[in-house]
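>>> Build me a model:
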Amino acid sequence: MPHRAALTGRIQVEVIVVGAGIVGLTTALILAQQGRSVAVIDAHRIGRGATGGSTGNLYATVADGLAALVKKWDAQTARAVVASRTEAIAWIEQQTTVRHSDCAFRRCPMFQYAISEQAEGRLQDELDAARLAGMAVDWTDHVPKPLPVPYGRVLVLPGQAQFHPLRYMHALAAHAEQCGVQVYEHSPAMELDAGSGVVRTPAGRLVGRHIVLATHTPIGFHFIQAGMQVRREYGLAFRLGGDVLAPGIFWALGMPRLSVRSFETDGQRYLLCIGEHHETGRHDAAAALARLIAEAQTALQLGEPAWRWSAQHYHSPDELPYIGQDSAGFYVATGFSTDGLVYGTLAGRLIADQINGRENRWSELYRVRRFHPGRAGSDMFKANTGVAKEFFHDYVTYRSAKPAQALAPGQGAIVRLGHERVAAYRDAAGALHVVSAVCTHMKCMVHWNAVERSWDCPCHGSRYSPDGQVLEGPALSPLRNQLVLLQNHEVGECHTTETASNDTRGRPAMSARQSDDEGARRNASDAASDRDSQ
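Next comes the predicted model:
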């Protein structure tokens, strides 16, 4: 995949897009085709966030279930969601057809099946909701091997789709550049001002009339973040030697809840298995990954996974994403849950229409400045209670546990230096990396993620590398380097929030953003993914 240069100097365009995932590149391409001058910047590389790490599943339903959507809203809203997502899938298919891109787009059915008696009732609820939402539905009595024998019948939703998301991203980027879009990688936004239309990066400055924050969650401070639940979910890719699973999206309902699909790359067939989500920064990541491996091996009779990874999801309190212009003047798109490939495409089209002053029939449905206490109140309360609990625990009830010198290679901990606590990590070579333990977004205390070797904020999902660089989330600034404090103070007691995973066995820990070679294992057809899935 070609590298793009980082932004240097000053450029002026009509539209600045921050983020080169599916939202950003879809928006940029459409606007450029309509004659707008557009620049896209990304903190890392194209598609290396949630988009590149997704399974490539494309479906008109939603991961949390149409029954839940009908219950929280109504049948009319569910029909609108399904119709808008169906349009987005058709747009993706059109792009792959027109551009003849090598992204392995294929139409296929989705199968939902119960793996316990308790889940059979939910399957019937999904059937009823799918019919209310206007979806074509069918039944079968089995799923193919190596999937487990289902309890009762299997719900079939025909006409869904799959593709290779990272290849699609690069095809979109190339097409956008042909239309005049300027694309810059390794150019994180560090300052934003919608009023003056300015975005500053480490070595450059963009000036424009419109700013699109296509960053999975709005970066900086935003009212939307107050009600959002942030979760990480895990994925595995298993090599297959025998009969490969037929094309399709397979969702198991019950516990464990698994999403499965097959794919082939370079002559090797794989089975992807996704599951075991938890709130970012609040749970034992190593334990969650171990559970998923055990569940997949037991349910699917598989050996050791060839690849493993995770990705982050943002869940809105009322089950619908936020798409469009906010009160500050930024265009945002967030709250996709695990349905981001389709919602992201929908968002790019909707935002492009709004910038061009065109009517879009889905604008009101996904309006950013909406608030429905009856539908969102309980989830907002839950999200904010969780943030308050983490803040109180880390700042008020926190107690130290052991000295920093006791950190083994691969371990991370919060270390007290005098009156200040810092985040310390000892790498495989024995070197100690020390940064501030306070998230630069809203001052919560970061927690160590042993599986991905990152510092994760339990409040709003900002994540940092061991040396404090922003990996993802709303934070704009890195964690301050505190090595001087370590050298000048006697190290006190520390608390190991998570120890190194026994599974790493000296290998580099998995990360949502590692080397370019990891692309093959982090996307739908080259082996890796989060569930745009589910």
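
>>> Output the below-cut-off pLDDT ranges for the chain.
Regions of the chain meeting the criterion pLDDT under 70 cover residues 243, 372-384, 386-403, 418, 483-534.

>>> Strands of the stretch 301-450 of the chain, start to end?
Using DSSP state E, counting those that start in this stretch, the strands assigned to the stretch 301-450 of the chain run over residues 307-315, 322-325, 331-334, 402-403, 412-417, 420-426, 432-436, 447-449.

>>> the inter-axis angle of the fifth one versus strand 432-436?
Between the axis of strand 412-417 and that of strand 432-436 there is an angle of 70 degrees, by axes from the mean of the first three to the mean of the last three Cα atoms, to 10 degrees.

>>> and the angle from strand 412-417 to strand 420-426?
Using the same axes, to 10 degrees: strand 412-417 against strand 420-426 is 140 degrees.

>>> helices or strands up against strand 412-417?
strand 420-426, strand 447-449, helix 483-488, strand 491-498 (3 or more Cβ pairs under 8 Å, 6 or more residues apart in numbering; DSSP states H and E). In this view, the C-beta of every residue, glycine as well, is placed from N, C-alpha and C.

>>> Pull up the pairing partners for the shortest one, direction included.
Sheet neighbours of strand 447-449, with direction, are listed as strand 454-456 (antiparallel) (DSSP bridges).

>>> ok, and what's touching the partner strand?
232, 280-281, 412, 423, 435, 437, 446-449, 462-466, 468, 471, 479, 511 (Cβ atoms under 8 Å, 6 or more residues apart in numbering).

>>> again, 10 Å this time
Identification of contacts with strand 454-456 by Cβ atoms under 10 Å, 6 or more residues apart in numbering yields 230, 232, 279-282, 285, 312, 412, 414, 423, 425, 435-437, 439, 445-449, 462-469, 471-473, 479, 497-498, 509-513.

>>> Give me the buried entries from those.
The neighbour count (16 or more other Cβ atoms under 10 Å) marks 230, 232, 279-282, 285, 312, 412, 414, 423, 425, 435-437, 439, 445-449, 462-466, 468-469, 471-473, 479, 497-498, 509-513 as buried among the contacts of strand 454-456.

>>> Give me the number of neighbouring residues for residue 291.
15 (other Cβ atoms under 10 Å).

>>> Quickly find the element holding it.
helix 285-300 (DSSP states H and E).

>>> Please name every helix or strand in contact with that helix.
Helices and strands touching helix 285-300, as assessed by 3 or more Cβ pairs under 10 Å, 6 or more residues apart in numbering; DSSP states H and E, comprise strand 229-240, strand 259-265, strand 268-279, strand 307-315, strand 447-449, strand 491-498.

>>> I'd guessed residue 205 sits against residue 199; true?
Yes - with contact defined as Cβ atoms under 10 Å, residue 205 reaches residue 199; the gap is 7.4 Å.

>>> any common contacting residues for the two?
7, 191.

>>> out of these two, which sits in the busier spot?
More crowded of residue 205 and residue 199, by other Cβ under 10 Å: residue 199, with 25 against 15.

>>> Quick check: beta-bridge partners of the residue nearest to that one when sequence neighbours are not counted?
Counting by Cβ to Cβ, 6 or more residues apart in numbering, residue 199 lies nearest to residue 206, which is 4.6 Å off, once chain neighbours are set aside. Note on residue 206: beta-bridge partners by DSSP bridges are residue 11, residue 199.

>>> residues near residue 206, how many?
With other Cβ under 10 Å as criterion, residue 206 counts 26.

>>> Dump the helices and strands packed on helix 285-300 into a markdown table; add distance to residue 162 as well.
A markdown table is the format used below for the helices and strands packed on helix 285-300 (distance: least, Cβ to Cβ, whole Å):
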| stretch | distance to residue 162 |
| --- | --- |
| strand 229-240 | 15 |
| strand 259-265 | 7 |
| strand 268-279 | 10 |
| strand 307-315 | 17 |
| strand 447-449 | 29 |
| strand 491-498 | 34 |
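
>>> Could you check the ones you listed and tell me which one is nearest residue 188?
Ranking the helices and strands packed on helix 285-300 by proximity to residue 188 (Cβ to Cβ) places strand 307-315 first, at 16.7 Å.

>>> So which bits of stretch 198-218 are buried?
Applying 16+ other Cβ under 10 Å to stretch 198-218 flags 198-201, 204, 206, 208, 210-218 as buried.

>>> Of those, which belong to strands?
198, 199, 200, 204, 206, 210, 211, 212, 213 (DSSP state E).

>>> Now do the same contact list for the third one.
Yep, that's residue 200 we're talking about. 7, 10, 188, 189, 190, 191, 192, 193, 206, 476.

>>> next one: the last one
Contacts were defined as Cβ under 10 Å, 6+ apart; by that measure residue 213 touches 16-19, 23-24, 189, 192, 194, 199, 219-220, 222, 326, 328, 330-334, 351, 474.

>>> Which of the residues you listed fall in helices?
23, 24, 351 (DSSP state H).

>>> my read: the last one touches residue 31, true?
This points to residue 351. Yes - judged on Cβ under 10 Å, residue 351 makes contact with residue 31 at a distance of 8.8 Å.
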